[in-house]
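Just a sequence and a predicted model for now, questions to come.
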Amino acid sequence: MKRWMMMLPLAAFLVVAVFLYRGLYLDPAELPSAMIGKPFPEFSLPSVQGDKTLTRADLLGKPALVNVWATWCISCRVEHPVLNKLAERGVVIYGINYKDVNADALKWLAEFHNPYLLDVRDEDGSLGLNLGVYGAPETFFIDAKGIIRDKYVGVIDEVIWREQLAAKYQALVDEAKP
């Protein structure tokens, strides 16, 4: 009995080590989302510009990216120029300004340009919570009916867009054509 008790810490360590070792080879951008295949959550929140209240209905009608961003997010600053280029190419992008100070968001958009057709102000993070957001940046792909079809966690750069995401977006666009 005494020998077995001495081996218990070693066995526990080995189990933990196996789980940690496995984690080294997982892609952090592939966080699972329970929202895939479900409608974008209902919400009623002000726009960042403060000129209107936005709802889920405002996001319907065409496939789009819904980008969760914030001024406190360093990675969002890296991603933002790419989003501007995508918007210039005709990619529909809606923004969710997540847990941010609205004055900072307005300053950011004035300084770095605004790629978002609509920009939802989610100061308390309620919409982000309903979406299962881990942080920023995160980008959801929605179809024309507002169904979440995919999610990407992390910075979208030109390579990620070209090699991983452009085809997913284009498939949604093609699917929406009559």
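Noted; the coordinates are in hand. Numbers count the residues shown, from 1 in each chain.

switch to C-alpha atoms for all contacts and neighbour counts from now on
OK.

Helix, strand or coil: sort out residue 105 for me.
helix (DSSP: H, G, I helix; E, B strand; the rest coil).

give the contact list for it.
The contact partners of residue 105, by CA atoms under 8 Å, 6 or more residues apart in numbering, come to 48, 70-71, 97.

Next, give me the two most distant ones among those residues.
48 and 71 (12.4 Å; CA to CA).

These two: which has the busier surroundings?
residue 48 (24 against 21; other CA atoms under 10 Å).

Measure how buried the closest residue to that one other than its chain neighbours is and give me the count.
Nearest non-adjacent residue to residue 48, counting by CA to CA, 6 or more residues apart in numbering: residue 121, 4.9 Å away. Using other CA under 10 Å, residue 121 is surrounded by 26 other residues.

can you check residue 38 too?
12.

do residue 176 as well
Residue 176 has 14 nearby residues by other CA under 10 Å.

quick one: the most centrally placed residue in the chain and residue 109, what's the gap?
Nearest to the mean C-alpha position of the chain, by CA atoms, centre = their mean, lies residue 138 at 1.9 Å. Computed as CA to CA, to the nearest Å, the residue 138 to residue 109 distance reads 18 Å.

Could you do residue 80 as well?
For residue 80, the distance to residue 109 - CA to CA - is 10 Å.

Can you pick out the residue with more neighbours from these two?
Neighbour tally, residue 80 and residue 109, criterion other CA under 10 Å: the higher count belongs to residue 80, 21 against 16.

now the helix or strand containing the more buried one, how far from the centre of its chain.
With secondary structure defined by DSSP states H and E, residue 80 is part of helix 74-88. Relative to the centre of its chain, helix 74-88 is centred 13 Å away, using CA atoms, centre = their mean, to the nearest Å.

Pull it out as CSV, backbone CA atoms only.
Taking Å, rounded to 0.1, in the frame of the first residue of the first chain, the C-alpha atoms of helix 74-88 are listed here in CSV:
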residue,chain,number,x,y,z
ILE,A,74,-3.4,45.1,-30.2
SER,A,75,-4.2,42.4,-32.7
CYS,A,76,-7.2,44.4,-34.0
ARG,A,77,-4.8,47.2,-34.9
VAL,A,78,-2.8,44.7,-37.0
GLU,A,79,-6.0,43.3,-38.7
HIS,A,80,-7.7,46.6,-39.4
PRO,A,81,-5.8,47.6,-42.6
VAL,A,82,-6.7,44.2,-44.1
LEU,A,83,-10.3,44.7,-43.2
ASN,A,84,-10.2,48.1,-45.0
LYS,A,85,-8.8,46.5,-48.1
LEU,A,86,-11.4,43.7,-48.0
ALA,A,87,-14.2,46.3,-47.7
GLU,A,88,-12.8,48.2,-50.7
